[in-house]
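Undergrad: Sequence and predicted structure are below.
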Amino acid sequence: MKAIARGHWGPAGVAIAIGLLLLVFLVVPVVKVVYVAFQHPHTGALTLINFIDFFRTSLFQESFFNSLYVAIMSVALSSAFALPLAYFTTRFNFAGAIAIQTLGIVPLIMPPFVGAVAMLLLFGENGSLNLLLNDWFGVTIPLMRGLNGVILVESIHYFPFILINLSAALNNIDRAMEESAQNLGASGVRLFRRIVFPLAMPGYVAGASLVFLKVFDDLGTPLLLNVNNMLAPQAYLRISNIGISDPMGYVISVILVAFSLLALWTSALALRGKDYATVQKGGGGLAKRDLRFWEKIGCYAVIVLILLLVLSPHFGLFILSLGTIWSFSVLPDAYTIDHYMRVFSTSSEYITNTLLYAGLAAAIDVVLGTAIAYVVWRTKLIGRQWLDYIAMGALAIPGVVLGIGYLRTFYDFNVPIIDKPLASWWVIIVIALAIRRLPYALRACVAALQQVSVMLEEAAESLGASKRRTVIRIVVPLMSGGIVAGFVTSFATAAVELSATIMLVSAESDAPLAFGIYQYMQSAAGRGPGAALGIVAVVIVGIATYVSHRIIARKESERAPELAIAVGV
Amino acid sequence: MASGAGAVGVTIEDLNLSFGSTAVLKGIGLHIEPGELFTFLGPSGSGKSTLLRAIAGFGPEPDGKILIGADDVTHLPPWQRHVGMVFQSYALWPHMTVRSNVAFGLEERKAPAREIGDRVDRALDLVGLLSYADRRPSQLSGGQQQRVALARTIVVEPRVLLLDEPLSNLDANLRVEMRREILGLQRKLSLTTIFVTHDQEEANTISDRIAVLDEGVIQQVGSPMQLYDEPSNRFVANFLGTANLIDGDLREIGGKAVFTAADGLSFPVEGAAGGATRGCTAMVRPQSLRIAAGRAPERGGFVALSGNVEHREFLGSVIRYSVRTGEHTLLVDETHQAGQPPFGVGDAVVLGLESRQARILIE
Amino acid sequence: MLKHMQSRALVAGAVLAAALLGLPIQAGAMEDKLVIVTSYPPDTTDTVKKAFEAKHPGVQIEMLKKQTVAGIKYLQETAGNNASDMFWASSPDAFEVLKGSSLLQKYETKVKGIPEKVGAFPINDPDGYYKGFAASGYGIMWNTRYMKAKNLPVPATWADLAKPIYHGHVGISAASRSGTTHLTVETVLQGKGWDEGWALWKAIAGNFKTVTERSFGVPDGVNSGQFGLGIVIDFFGFSSKASGFPVEFLYPPVTTLVPANIAIVKNAPHPKAAAAFIEFLLSPDGQEVLLDPKIMRLPVNPATYAKAPKGFPNPFKDSSIGAAVKFDLDLSKDRYNVVNSLFDVMITYRLEDLQAATRAIQSAEQALSGKGNAQAEKLIKEAKALVAKMPIDEAKATDKDFNAIFKTKRKKASTKVEGRQAEIEQQWDSEVKANYAKARELAEKAASML
């Protein structure tokens, strides 16, 4: 209240507006869906009996442990992919480090269900790899069987979260931290284990908890691989069955949400007071050193191997998009560009829609993200942390739940002028994407804001700039690197989102790419065009990501001197 | 813990180092005596930190040789050099307690657990932080962090202690206190120590000898007083204190060397190398000039210059006048005594220079 | 992108202008738009759309692609403010659900010459709410390369799929997810009786490689060779083959031909265009479109078969297709959810246990063949009985009160409901799981005696 008295009405107004927005577009729709879980299936009275049923049912217990197992193993496997890539590119002078980092992020920009299709063709029981192995050695490897397949596909899809966060954390470590350990006799693996990794831990935990969450909630991959005994598929199968009154789907949704929130909270708790990167600054990141010839060969070999594996869905998809018939054979029977011709002649609307939706959603996200970050970290408003918590909570909401919630909440609301229900207006897709991807942008914005010294703001204020002007002229420009990073992450992941959009697309002319790919992939003649559309999506988002990477890299180098001054004060 | 008898020297031979195409160290040659506290002094960008880091084994590999004692360490990685470095930012690992920070180096050397415990305690005791052993670095003040960094380094009994601007992050009072402490510790342990700073006062108070660096070249090596009194060039003269630098020529008049400046100022120079030299500089410290009102008689070995006070600064122990004499503006320090009225701006004054206080710099 | 937005603005502007001028939407003229909610892939919708729009140039069709189940959900959720004109999908069950929720509009077609029944199934809804436009039968599809590589014979009947040689080679989609599978399951149950029917299904299911979540997962798996044989609706087989995949399809003797349907949604905003679409689809021109290689559905107009490619099955001539079973739609409807739930509990979610038990029984039987061992034989028989054992009998499965537990809407508030779905499924599950484990144990014991 004192803060308001000192003339902070502006931030308070912004905070209230954002709070309302989150309430209307996140809290209310979710509550509308999950309250069913607390209703007695017959009487409709409030009850916890459904939860008791859940915990009594062996299938659900099994599903719960399977989900947990898959999530944990996916974190482990993702770490195995991300660690070498992050470490090598941040520690050593490497030709193509930016390219490697970009390629390492590419797996994120493909809908996981598309990845699963390609992975089955390559690594399935009768996929290319196993057909070859069987021919040569008479053995096959069940890489894609059951939970293994889910773990592999999920790890390949989501490991970039660890890569991004870990790379950032490694780059933020004061060089002297490492040098002082070397000076005291530590080197190699011990140095990494005792000093570098613990210091990068906050970044790693942030990435790993994100992977855990996404895998725990992910629906598309297990469904496509026909693994039903996991929580998210169980929820989906039960919610979307015809005419069934089983509230278990909603109960599972509640449990998914609760468990995801728990995971978020635990990781936040584990990281409390450990934001090492901001404790001591001025080192300018780890010293990059040159590799000796053989070391370089070794590193490149590891990197190439990992990239080959994590990009294999893309290779598979690419071959599929050019192949005629690919059936029980190592490679397609013949090649053609017809699929691309068909896609370009009929599906350009998907592409423009995707750019429009993902672009708008990402723009909304960085505006909201910057505003929330500022309110939470720079004002003393009461309850401000709740904005952060609720926005981050969107991470814990499965897309299907949000989609159904939007239909329930906004179908009766007619948008004036266009006279259409809000739930069937294309803008609702943008809102859903924005809400789903807000956490990514928010974290990037918070990280960027924390790097901006308060003194720089105070300097502006003492020179007569108002709060608003200070934010616009000083804070936002200094945060621009982080804001661009947030925009890219939101954009790239929104561009391939399917789970919420599949519920909300109400006209084909409104459909985005992922939806189009999904449609194509539902017919025998459509796998080729679907794959071609998938490749188009990857190329578009990949180019956008690469360009933004370059922008960030340039911004960072421009900003370096300012930062040093800010820190040196 | 005392390494006294075992103290070793550091020898650097023709060391060259560059970052990409920029040469940062050029032809460095030095010998640091065992047990000596030696300082690299220079402005930022002079290469002093780079030289220190090269001794520790950080940064690009240099050409030339670095010897610690008799061992050539030029091509050894940092972790095999057994030199201890204290970083400007202290570089305490925030994820470890004070105790684990200090124990780290001993653990890396695979010392027995008991011994580690004892030695860590002793090291922390030495810096007066034993009771803080279980805190985290972020819970300590700057000075305390500095002490932990010191303890962490000396506990492994390095052959050489390297201190990279260790006091620059402390406030003024603490800085004085810490530098005394460092000196005390260094004397107690008789540890060959190299200290990097850009602060000449810090260098003067703490060092046995100083190497002044500029643009990657060692300008002069000597004791603090030597450097102050007998700088070998304008840079050293200026960097170690305020100096009046007067350009002129050295002539031989009647078998004696006489310095002559443009506006007719001239005085004989004692002990200067014989023979005429065009384009040299006379250096006179402000406190070597006397200031008085009116006109003073000329005496042997004493030059008088008339001028007017242009500017006056009160510095506490002295009053610094800036006096215009013909073409030159000279700085003069007069010891301040309470009750003695200072000269005012515009006052006509006479400056007296005892010629043996002037040093001729031939570059 | 700009164009996209401009056109939206234009449409919005036009609507606004019309509203302001108080222009009534002209009574006689056909609307210029038609919104169809459909589960069909672009191959089908694009082709039909093109043909229709050629006939009615003024009408622009908006195809809203939803999985059948999601489509129903969508219509239910949006009923209060309906913007869809038609629902177009395969499964008659889906239309029954929509009809039951009063979301469909009655319509009488003017097209003549379409018979009343295909196989034993009425083509149109007797109540007039939805129309059959094509017939589909269920059968077995296989990948010829796969069969050759693994040396598998071509099956002829459902029971063939239960043979040990097919272990781990068969795919199906879950009955609860796919109306087509549900009908296949129900057809066999009606053809063979409740207990024997389920016993056959479980024997086949023991050979399943996977149970897919989407109907298309099965042809997809067969096409790409993930598994060799799939239980699918005919047009998946025909269109896959027509697309060039090395696959074949056959109708087993016990199958049902059921119509794929179309209906007008209640309160459709463009009823005239919707009516025109039905008329077109049933007309000779529209029926002929179904023969497109990418669609390959059996037309409901017998005359159209004259134009069909060679070898294309004609159910109106070939009485062996789909005539063996007199399909009782009411019976199917009454126990719809219970059958799906049983399928999921016994097969989908317990596939691994079932596979293991089946494998054990098959190895024991193989070991037994040619040797006489009465005790082992008895154990194997017991094991098979345990696998086949049903948690509930047919009477219970068709019991109205029991079925009510699984339904969203009960007819009357007074309908008495005992127990909750989760509770009942848990009982079934623990029973089934124990049976499978015990069966496996017995079979292994039998094998150890041989």
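TA: Happy to help now that I have it.
Undergrad: Relative to the whole chain's centre, how far out is the helix or strand hosting A:L269?
TA: Assigned by DSSP states H and E, A:L269 belongs to helix A:248-271. Offset of helix A:248-271 from its chain centre (C-alpha atoms, centre = their mean, to the nearest Å): 17 Å.
Undergrad: who does it touch, helix- and strand-wise?
TA: Packing partners of helix A:248-271 (3 or more C-beta pairs under 8 Å, 6 or more residues apart in numbering or on different chains; DSSP states H and E): helix A:28-34, helix A:49-56, helix A:58-91, helix A:197-217, helix A:231-239, helix A:384-393. Bear in mind the C-beta positions are built from the backbone N, C-alpha and C, glycine included.
Undergrad: Of all these, which one comes closest to chain B?
TA: Among the helices and strands packed on helix A:248-271, the nearest to chain B by C-beta to the nearest C-beta is helix A:197-217 (4.4 Å).
Undergrad: so after the closest one, what's the next helix or strand?
TA: Helix A:197-217 is succeeded, C-terminally, by helix A:220-224 (DSSP H and E).
Undergrad: residues in contact with that next one?
TA: The contact list for helix A:220-224 (C-beta atoms under 8 Å, 6 or more residues apart in numbering or on different chains) reads A:70, A:111-113, A:115-117, A:150, A:153-154, A:157, A:228, A:230, A:232-233, A:236, A:498-499, C:213-214, C:217.
Undergrad: Out of the residues you listed, list just those in helices.
TA: Members of these lying in helices (criterion: DSSP state H): A:70, A:112-113, A:115-117, A:150, A:153-154, A:157, A:232-233, A:236, C:217.
Undergrad: Which of those scores worst on pLDDT?
TA: Least confident of these in the model: A:P112, at 72.
Undergrad: Wait, that residue touches A:H157, no?
TA: Yes: with contacts counted by C-beta atoms under 8 Å, A:P112 reaches A:H157, the gap being 4.7 Å.
Undergrad: Show me which strand runs longest in chain C.
TA: Using DSSP state E to define each element, chain C has its longest strand at strand C:130-143.
Undergrad: what's the model's confidence in that one, averaged?
TA: On average, strand C:130-143 scores 91.
Undergrad: Then stretch C:194-202?
TA: On average, stretch C:194-202 scores 94.
Undergrad: Show me which residues of that stretch are buried.
TA: C:194, C:197-202 (16 or more other C-beta atoms under 10 Å in any protein chain shown).
Undergrad: which strands and helices sit next to the strand or helix carrying B:I12?
TA: Using DSSP H and E, B:I12 falls within strand B:10-19. Strand B:10-19 makes packing contacts with strand B:22-32, helix B:48-56, strand B:63-68 when contacts are defined by 3+ C-beta pairs under 8 Å, 6+ apart.
Undergrad: If we use 6 Å, what do you get?
TA: Applying 3 or more C-beta pairs under 6 Å, 6 or more residues apart in numbering or on different chains; DSSP states H and E, one finds that strand B:10-19 contacts strand B:22-32, strand B:63-68.
Undergrad: which one of those strands lies closest to B:S141?
TA: strand B:22-32 (31.9 Å; C-beta to C-beta).
Undergrad: list the helices and strands the closest one packs on?
TA: Using 3+ C-beta pairs under 6 Å, 6+ apart, strand B:22-32 sits against strand B:10-19.
Undergrad: Could you break the chain into its assigned domains?
TA: By default, I'm working from chain A. A:1-45+A:337-569, A:48-332 (automatic domain parsing).
Undergrad: Chain B was what I was after
TA: Following automatic domain parsing, chain B resolves into domains at B:4-238, B:242-361.
Undergrad: now do the same end-to-end measure for the shortest one.
TA: Domain B:242-361 has its terminal residues 15 Å apart, counting by C-alpha to C-alpha, to the nearest Å.
Undergrad: Now do it, average pLDDT.
TA: What domain B:242-361 shows for mean pLDDT is 82.
Undergrad: Stretch A:441-461 now?
TA: The average pLDDT for stretch A:441-461 rounds to 79.
Undergrad: can you list contacts of it?
TA: A:278, A:365-366, A:369-370, A:372-373, A:377, A:391, A:470, A:474, A:478-479, A:482, A:485-486, A:490, A:566, A:569 (C-beta atoms under 6 Å, 6 or more residues apart in numbering or on different chains).
Undergrad: Likewise for stretch A:46-62?
TA: Residues outside stretch A:46-62 that contact it (C-beta under 6 Å, 6+ apart): A:37-38, A:40, A:229, A:247, A:251, C:349, C:422-423, C:426, C:429.
Undergrad: Could you work out the most separated pair of these?
TA: Using C-beta to C-beta, those span at most 26.5 Å, a distance reached by A:H40 and A:N229.
Undergrad: residues near residue 446, how many?
TA: If you meant another chain, say so; for now it's chain A. Residues lying near A:V446 (other C-beta atoms under 10 Å in any protein chain shown) number 22.
Undergrad: my question was about chain C
TA: Around C:A446 there are 26 other residues, counting by other C-beta under 10 Å.
Undergrad: Just to check, it is in contact with C:E377?
TA: No: between C:A446 and C:E377 there is no contact under C-beta atoms under 6 Å: 7.7 Å.
Undergrad: Mind checking the pLDDT average for stretch C:261-281?
TA: Averaging pLDDT along stretch C:261-281 yields 93.
Undergrad: circling back: tell me which residues of the strand holding B:I12 are tucked away?
TA: B:10-12, B:15, B:17.
Undergrad: what sits against A:P233?
TA: Residues near A:P233 by C-beta under 6 Å, 6+ apart: A:222-223.
Undergrad: ok, now how distant is it from A:Y406?
TA: The gap separating A:P233 from A:Y406 is 21 Å, by C-beta to C-beta, to the nearest Å.
Undergrad: check contacts around residue 362.
TA: Chain wasn't specified; assuming chain A. By C-beta under 6 Å, 6+ apart, the residues touching A:A362 are A:487, A:490-491.
Undergrad: my question was about chain C
TA: By C-beta under 6 Å, 6+ apart, the contact set of C:Q362 is C:P164.
Undergrad: ok, now with 8 Å
TA: C:164, C:167, C:206.
Undergrad: ok, then the element right after the helix or strand that contains it?
TA: For C:Q362, the element it lies in under DSSP H and E is helix C:351-368. As assigned by DSSP H and E, the chain's next helix or strand after helix C:351-368 is helix C:374-388.
Undergrad: I'd guess B:E313 is in a strand, am I close?
TA: Yes: with DSSP: H, G, I helix; E, B strand; the rest coil as the criterion, B:E313 is part of a strand.
Undergrad: Count the residues that sit near B:E201.
TA: Neighbourhood size, B:E201 [other C-beta under 10 Å]: 14.
Undergrad: quick one: it is in a strand?
TA: No: judged by three-state DSSP, B:E201 forms no part of a strand; its state is helix.
Undergrad: Return the residues in contact with residue 183.
TA: Assuming you mean chain A. B:56-57, B:78-79, B:81, B:83-85, B:153.
Undergrad: that answer is for a different chain, and I need it for chain B
TA: By C-beta under 8 Å, 6+ apart, the neighbours of B:L183 are B:37, B:205-206.
Undergrad: Among those residues, which lie within strands?
TA: Short answer: those in strands (DSSP E) are B:L37.
Undergrad: And the contacts of B:L183, which is closest to chain A?
TA: Looking across the contacts of B:L183 and measuring by C-beta to the nearest C-beta, the closest to chain A is B:L37, at 19.1 Å.
Undergrad: Of all the domains of chain A, which one is nearest B:A338?
TA: domain A:1-45+A:337-569 (38.0 Å).
Undergrad: thinking again about what came up before, between A:H40 and A:N229, which one's more packed in?
TA: Neighbours were counted for A:H40 and for A:N229 using other C-beta under 10 Å; A:N229 has more, 22 against 14.
Undergrad: where along the stretch 1-150 of chain C do the helices fall?
TA: Here the stretch 1-150 of chain C has its helices, by DSSP state H, counting those that start in this stretch, at C:2-21, C:42-55, C:68-78, C:92-100, C:144-149.
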